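Chemist: Fold the stuff below for me.
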Amino acid sequence: MKKLYLLLFLFTLLFSFCKKEHLEPPVRSDEPYDAEHDYAGLSEMEILGKKLFFDASLSSPVGQSCSSCHSIKDGFTDPGHTAFSKGVINTLMGSRSAPSIAYMKYSSALYYNTVDSTYMGGFFWDGHVNSLEAQAMKPLLNPIEMNNTSLTQIYSKLQNVSYTDLFYKIYGSGAFDDSTATVQFALSAISAYERSKQVNSFSSKFDAYLNGEAQLNAQELRGLALFNDTAKGNCAACHPSDGDNSFGVPLFTDFSYDNIGVPHNPASPSPGPDYGLGSYLGNPSVNGQFKVPTLRNVGVTAPYFHNGVFNTLDEVVKFYARRDSVGLFAPPEVNQNVNKDELGKLNLSDQEIQDIAAFLNTLTDGYKK
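Modeler: Sure thing, here's the model as predicted:
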């Protein structure tokens, strides 16, 4: 009987403690992961930035957010996997494939590298802005994307978000005193989220392999060897797979620019050629050059290249290897400045092409054994 009373007492004590502390029941393991509301490991500034990143009330009309074209589960690219993303006005679409914002924290401002005789850095496919903050502003004011007409309109929307308390907590009582400053606060927060561990997680199977926590299978290892082999795939020439850079981590891009001879996409809303960096700089010597993207998450970011002309990794690797084979691919969208030294006629078999594609699929973040 004494044991029974003791058990009842302990149960009552535990119940009272749980009620007092408002302990939540454990999350069911079969509940779907809510990427939008996962704030684990984020600072207050990064949380504010993530809220803004997912906020569809900041477009005009409402309905379009940064995440509409940069989805977490799709490597921060278009979740619809369309070559040209639609904006908040459904009848309008962009003329380039939405680039990933993951790992772009490592990009510098646009500059000319005199050692390699190439432009490097910048943001967007043509490098036309020089910081993540400037990059975040562009879609907000772009009539094809979020369609705001002025900073004043953006400011008005920011004043009415449901999380103004975070603005005050981070920026103080004057967070909304000046429209220009408030918009800049928002851009700083968005860029802080884009620099966060959630966006730049280095959590792929390849990263686990480098850390001795996973093994690549035979095909993936063959693909890695081919990827790095200067006499075969030579992919690492522009997409370095090692950490031999100022950051000490493999980024799978050197942030340079190149015209690799990509064909025109017939689905493009722009009938003429896209001159990329050449158009931005007004410099014909770099016509057709676009920024070399990171290959991290490339397995989930189809379609590929600035105009989304190819839909599978096998197609992409085959294009690199056999671009110059007569009749196999359409001619380059821009015939000037095509790189004929590092790709176009690589000695890769069908099996080797598949092996490289298999390796590329190990670069997807969120790997679990």
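
Chemist: What's the per-residue pLDDT of residue 142 here?
Modeler: Residue 142 is assigned a predicted lDDT (pLDDT) of 97.

Chemist: er, residue 33 actually
Modeler: Per the predicted model, pLDDT is 82 at residue 33.

Chemist: Tell me if I am right that it is in a helix.
Modeler: No - using DSSP: H, G, I helix; E, B strand; the rest coil, the assignment for residue 33 is coil, not a helix.

Chemist: what's the distance between it and residue 309?
Modeler: Distance, residue 33 to residue 309, by Cβ to Cβ, to the nearest Å: 32 Å. C-betas here are computed from N, CA, C, even on glycine.

Chemist: Let me see the domain layout of this protein.
Modeler: Domains of the chain are assigned by automatic domain parsing as 44-194, 205-363.

Chemist: could those go into JSON lines alongside mean neighbour count and distance to residue 369?
Modeler: Listed next are these as JSON lines, based on neighbours: other Cβ atoms under 10 Å; distance: least, Cβ to Cβ, whole Å:
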{"stretch": "domain 44-194", "mean neighbour count": "18", "distance to residue 369": "19"}
{"stretch": "domain 205-363", "mean neighbour count": "18", "distance to residue 369": "6"}
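
Chemist: What residues does the residue positioned nearest the centre of the chain make contact with?
Modeler: Nearest to the geometric centre of the chain sits residue 100, at 2.3 Å (Cα atoms, centre = their mean). For residue 100, the contact set (Cβ atoms under 8 Å, 6 or more residues apart in numbering) comprises 70, 75, 76, 77, 293, 294, 296, 297, 301.

Chemist: what's the distance between the spatially closest residue to the second one that is not a sequence neighbour and residue 145?
Modeler: So the one you mean is residue 75. Using Cβ to Cβ, 6 or more residues apart in numbering and skipping the chain neighbours, the partner closest in space to residue 75 is residue 297 (3.0 Å). Between residue 297 and residue 145 the distance is 22 Å, computed by Cβ to Cβ.

Chemist: doesn't residue 180 fall inside a strand?
Modeler: No - under three-state DSSP, residue 180 sits outside any strand and is assigned helix.

Chemist: Do I have it right that it meets residue 150?
Modeler: No - judged on Cβ atoms under 8 Å, residue 180 makes no contact with residue 150 at a distance of 11.1 Å.

Chemist: residues in contact with the strand or helix carrying residue 190?
Modeler: Assigning secondary structure by DSSP states H and E places residue 190 in helix 179-194. Outside helix 179-194, the residues within contact range by Cβ under 8 Å, 6+ apart are 42-43, 45-50, 52-53, 66, 101, 104-105, 131-133, 135-137, 151-152, 154-155, 158-159, 167, 170-171, 174-176, 199.

Chemist: Narrow the residues you listed to those in helices?
Modeler: 45-50, 52-53, 132-133, 135-137, 151-152, 154-155, 158-159, 167, 170-171 (DSSP state H).

Chemist: JSON lines for the domains of the chain, including distance to residue 37?
Modeler: Formatted as JSON lines, those follow (distance: least, Cβ to Cβ, whole Å):
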{"stretch": "domain 44-194", "distance to residue 37": "9"}
{"stretch": "domain 205-363", "distance to residue 37": "21"}
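
Chemist: right, and the ones you listed - which one's nearest residue 38?
Modeler: domain 44-194 (8.7 Å; Cβ to Cβ).

Chemist: gap between the two ends of the closest one?
Modeler: This stretch, domain 44-194, spans 14 Å end to end (Cα to Cα, to the nearest Å).

Chemist: Double-check that residue 354 belongs to a strand.
Modeler: No - under three-state DSSP, residue 354 falls outside any strand and is assigned helix.

Chemist: ok, and the closest non-adjacent residue to it?
Modeler: In space, and not counting its chain neighbours, residue 354 is closest to residue 314: 6.5 Å by Cβ to Cβ, 6+ apart.

Chemist: which residues touch the one you found?
Modeler: 353, 354, 357.

Chemist: Next: residue 83.
Modeler: 97, 265, 267, 268, 303, 307, 308, 309.

Chemist: Quick one, grab the pLDDT at the residue nearest to residue 354.
Modeler: 98.

Chemist: what separates stretch 262-272 from the chain centre, distance-wise?
Modeler: Its chain's average C-alpha position is 23 Å from that of stretch 262-272, according to Cα atoms, centre = their mean, to the nearest Å.

Chemist: what's the first-to-last distance across that stretch?
Modeler: 14 Å.

Chemist: So what touches it?
Modeler: In contact with stretch 262-272 (Cβ under 8 Å, 6+ apart) are residues 83-84, 93-95, 273-274, 305-309, 319, 329-333.

Chemist: cutoff 6 Å now
Modeler: 83, 93, 95, 305, 307, 309, 329, 330, 333 (Cβ atoms under 6 Å, 6 or more residues apart in numbering).

Chemist: In strands only, show me those residues.
Modeler: Among those, the subset assigned to strands under DSSP state E is empty.

Chemist: Determine which two of those are furthest apart.
Modeler: The largest separation in the contacts of stretch 262-272, counting by Cβ to Cβ, is between 93 and 329 at 24.6 Å.
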